[in-house]
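Asker: Sequence first, predicted model second:
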Protein chains: 2
Amino acid sequence: MAWPRRSFITCMIAATADMRDDPLPSWNDCAAKRAMLAFVARVTDTASPDFIPAPERIAVFDNDGTLWPENPVPFQAAFGFDELRRRAAAEPALAESTMVQAALTGDLAPLLADGYAGLREVIAHSHADITTDAFRQSVEAWLAAARHPRFGRRYDDLTYQPMQEVLRMLEGSGFKNFIVSGGGADFMRVWVERVYGIPHERVVGSTGQTSFELRDGVPILTKSLEGLFVNDKHAKPAGIHQFIGRRPVMCYGNSDGDHAMLQYTTIGNPRPSFGLIVHHTDGAREYAYDAVTASTGRLVAALAEAPERGWHVVDMKQDWNTVFSPER
Amino acid sequence: MAWPRRSFITCMIAATADMRDDPLPSWNDCAAKRAMLAFVARVTDTASPDFIPAPERIAVFDNDGTLWPENPVPFQAAFGFDELRRRAAAEPALAESTMVQAALTGDLAPLLADGYAGLREVIAHSHADITTDAFRQSVEAWLAAARHPRFGRRYDDLTYQPMQEVLRMLEGSGFKNFIVSGGGADFMRVWVERVYGIPHERVVGSTGQTSFELRDGVPILTKSLEGLFVNDKHAKPAGIHQFIGRRPVMCYGNSDGDHAMLQYTTIGNPRPSFGLIVHHTDGAREYAYDAVTASTGRLVAALAEAPERGWHVVDMKQDWNTVFSPER
């Protein structure tokens, strides 16, 4: 069939405009992308029966494995292990613990057993009995010096470009983006505003009790792991309720740790809702995993439930034409 | 002295413009008002050495006694006591507790003894083993029906007009206003957005653990008082750190419960900072109290420290020309 000249030109102009206006250029055309764009269009259209008022446009994002990688170990664990390594030379007693030994050799399995008891033990060495100011400085120093073992880049430079585009698009559509992560809130707040444009108060993470005192007349907050709230699995909806106080309408996760918050967001929500799972299928550009046991990113139950619930599963290899954000 | 005509008119015009442009018309001219206006002007002026970037413009407000009254009992306690009254008829076993008896007769002293142990016991009857949805509905029903015993108005209609003006002025100057209250976060979030224009995620309050489950396939969050975080006194700076993750630059309180967060805001802060205490001196229009023992509003230590720290003390009787917001 011969295209009439005018129609061809019109078509080319429209296609160019589409590419230019695409808020998600790192996403290939796929069902998840189309569904996301359609969802945002209808819930922000005041003429739509599905319109959601701005204060209720709450979008929640897991962090590890959803906004940045969680391999070979979650980045906060890499920080904790590096801190142990730095201190082990001067404090040989440290290395007597079998869990510290596992951390120093990067052996994640024993650390994740028994509900992460070992991980908690080794994390305490860098995350407790330290002032919040000193902790922030230690994270900043580590971020400046450490490099990811496979990609050779700063850890906070390794965010997923397609997800950065989602954050920007939602922000531009009157959504409030929140991080809802098992990671430590204090760890994330060091860089999350600079890296994701998400302010500190929109970070829901694991938190321990902090104690306040005037030390030599100066206010001091000291971290501890007492009363630790681990913001993972069934605790994520509780954390959302405690910190955000409102049910989300969009939820992005990648593992069974996000299963409960996907359910909380999408099942029986009186508002239209949207759930999305980032499926790690790209061993060449990133990592390929789901059912592995010794990983914080194990994805089995949520993946099995996705079709029934209408959660969109993103195949990273097929659906993303770019993985990482450009180097800053 | 005879005023030249032109100067008199110019003067009148200027005075009218001042009144019209005054963002705090319910405040009489006083040191606290002048200091507040000057502080906001200099920290929002990009040319000033004291300029504070918008993300760091965090203002924290106590609620009971600072934004609305806390007499004859804190309003959330009035809710809890009314719930007990409503249920005591059908559940006579309830009234066997001496603390419930104290609540039913409005006797606050035994309830506040031993670190509020009695208050916690009676509050549990209306605040635990209840879904978050059912709790919200019970607060809404109570707000619609209950009237303040002295003022005869809805409780959520009794906010201080001068403080509402402060909230609006700061919001208009790029500040983020947060409630930091000993009150329950779940209780406050029912009405705080409508009444103060403060979104749910900017409410830092007392919180207990919430548990998530799918009950008959529907997501349910159930409240408990386990792991209760009481956001008062030394816990307020910890709560600010946990929920906001950033040191405030303005702090408004009225009692020794706000002492630690006034210290945290203003002592050794690398940014310019501002502290203000609302002093209840107006028994005719509201209540006059400070050193009373059996009150959540006891104000002794913070008041004594105010001059040394430069905290502004507002004399409600002298400094406010209006106390309550107009009836809605």
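Answerer: On my side now, so go ahead. Residues are numbered from 1 along each chain as shown, chains lettered A, B, ... in the order given.
Asker: hey, where'd the strands end up in chain A?
Answerer: Shown for chain A, the strands assigned by DSSP state E span residues A:58-61, A:130-131, A:176-184, A:203-206, A:210-215, A:218-223, A:250-253, A:274-279, A:312-315.
Asker: so which of those strands comes closest to residue B:308?
Answerer: Closest approach to residue B:308 among the strands of chain A is made by strand A:210-215 (12.9 Å; CB to CB). (Glycine included, C-beta is placed from N, CA and C.)
Asker: wait, doesn't residue A:218 sit right on residue B:268?
Answerer: Yes: between residue A:218 and residue B:268 there is a contact at 4.9 Å, judged by CB atoms under 8 Å.
Asker: So for the two, which sits in the more crowded spot?
Answerer: When neighbours are counted by other CB atoms under 10 Å in any protein chain shown, residue A:218 and residue B:268 differ, and residue B:268 comes out ahead with 13 against 10.
Asker: Which pLDDT value goes with the more buried one?
Answerer: Here the pLDDT value assigned to residue B:268 is 96.
Asker: Contacts only, for it.
Answerer: A:217, A:218, A:219 (CB atoms under 8 Å, 6 or more residues apart in numbering or on different chains).
Asker: Now it, what are its backbone angles?
Answerer: Backbone torsions for residue B:268, taken as degrees, to the nearest 10, come to phi 70, psi 20.
Asker: okay, the contacts of residue B:268 in JSON lines with pLDDT and distance to chain B next?
Answerer: Output for the contacts of residue B:268, formatted as JSON lines (pLDDT from 0 to 100; distance: CB to the nearest CB, whole Å):
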{"residue": "A:217", "pLDDT": "95", "distance to chain B": "7"}
{"residue": "A:218", "pLDDT": "95", "distance to chain B": "5"}
{"residue": "A:219", "pLDDT": "97", "distance to chain B": "5"}
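Asker: thinking residue A:278 is in contact with residue A:65, fair?
Answerer: Yes: if you go by CB under 8 Å, residue A:278 and residue A:65 touch, sitting 6.8 Å apart.
Asker: Find residues that contact each of these two.
Answerer: Residues touching both residue A:278 and residue A:65 (CB under 8 Å, 6+ apart): residue A:254.
Asker: all helices of the stretch 51-200 of chain A, in order?
Answerer: A:75-88, A:98-104, A:108-127, A:132-145, A:161-172, A:185-189, A:192-196 (DSSP state H, counting those that start in this stretch).
Asker: Now the weakest link among those helices, please, by mean pLDDT.
Answerer: helix A:108-127 (a mean of 88).
Asker: could you check whether that helix is close to chain B?
Answerer: No: Helix A:108-127 does not reach chain B (CB under 8 Å from any CB of the partner chain); its nearest approach is 14.0 Å.
Asker: Look at the residue nearest to residue A:87 when sequence neighbours are not counted and report its pLDDT.
Answerer: Residue nearest to residue A:87 in three dimensions, not counting chain neighbours: residue A:94, with 6.2 Å by CB to CB, 6 or more residues apart in numbering or on different chains. What the model reports as pLDDT for residue A:94 is 89.
Asker: contacting residues around the residue in the stretch 51-200 of chain A that chain B sits nearest to?
Answerer: The minimum distance from the stretch 51-200 of chain A to chain B, using CB to the nearest CB, falls at residue A:200 (3.5 Å). With contact set as CB under 8 Å, 6+ apart, residue A:200 has these partners: A:189, A:192, A:193, B:55, B:244, B:245, B:246.
Asker: Show me just the buried residues among the residues you listed.
Answerer: A:189, A:192, A:193, B:244, B:245, B:246 (16 or more other CB atoms under 10 Å in any protein chain shown).
Asker: Of all pairs in those, which one is the farthest apart?
Answerer: Across the buried ones among the contacts of residue A:200 (CB to CB), the longest gap, 13.4 Å, separates A:192 and B:244.
Asker: Kindly state the pLDDT recorded for the residue nearest the centre of chain A?
Answerer: Nearest to the geometric centre of chain A sits residue A:63, at 1.0 Å (CA atoms, centre = their mean). Note on residue A:63: pLDDT of 98.
Asker: Ok, residue A:16 next?
Answerer: pLDDT at residue A:16 comes out at 49.
Asker: Give me every residue in the stretch 1-150 of chain A lying close to chain B.
Answerer: Selection of the stretch 1-150 of chain A residues close to chain B by CB under 8 Å from any CB yields A:55, A:132.
Asker: Check residue A:9 and give its pLDDT.
Answerer: 50.
Asker: re the thing from before, the buried ones among the contacts of residue A:200 into a markdown table, with extra columns for distance to residue A:141?
Answerer: Formatted as a markdown table, the buried ones among the contacts of residue A:200 follow (distance: CB to CB, whole Å):
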| residue | distance to residue A:141 |
| --- | --- |
| A:189 | 16 |
| A:192 | 17 |
| A:193 | 18 |
| B:244 | 24 |
| B:245 | 19 |
| B:246 | 20 |
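Asker: Give me the domain ranges for chain A.
Answerer: Here the domain parsing of chain A from automatic domain parsing is A:25-71+A:154-319, A:75-145.
Asker: highest average neighbour count across these?
Answerer: domain A:25-71+A:154-319 (a mean of 19; mean count of other CB atoms under 10 Å in any protein chain shown).
Asker: got the contact list for the closest residue to chain B within the stretch 201-328 of chain A?
Answerer: Using CB to the nearest CB, the single residue of the stretch 201-328 of chain A nearest to chain B is residue A:245, 3.5 Å away. Residues in contact with residue A:245 (CB under 8 Å, 6+ apart) are B:185, B:186, B:189, B:200, B:201, B:203.
Asker: picking up where we left off before, spatially nearest residue to the residue of the stretch 51-200 of chain A closest to chain B, not counting backbone neighbours?
Answerer: Leaving aside its chain neighbours, residue A:200 sits nearest to residue B:245 (3.5 Å; criterion: CB to CB, 6+ apart).
Asker: quick one, phi/psi of that neighbour?
Answerer: Torsion angles, degrees, to the nearest 10, at residue B:245: phi 70, psi 20.
Asker: Could you do residue A:208 as well?
Answerer: Backbone geometry at residue A:208, expressed as degrees, to the nearest 10, gives phi -110, psi 170.
Asker: Give me the pLDDT for the closest residue to residue A:194 other than its chain neighbours.
Answerer: For residue A:194, ignoring the flanking residues on the chain, the nearest one in space by CB to CB, 6+ apart is residue A:156 at 7.8 Å. On pLDDT, residue A:156 comes in at 97.
Asker: Could you do residue A:20 as well?
Answerer: pLDDT, residue A:20: 63.
Asker: can I assume residue A:23 is in contact with residue A:167?
Answerer: No: look at residue A:23 against residue A:167 with CB under 8 Å: they stay out of range, at 10.6 Å.
Asker: for the stretch 151-300 of chain A, which spans come out with low pLDDT?
Answerer: Within the stretch 151-300 of chain A, no stretch has pLDDT under 70.
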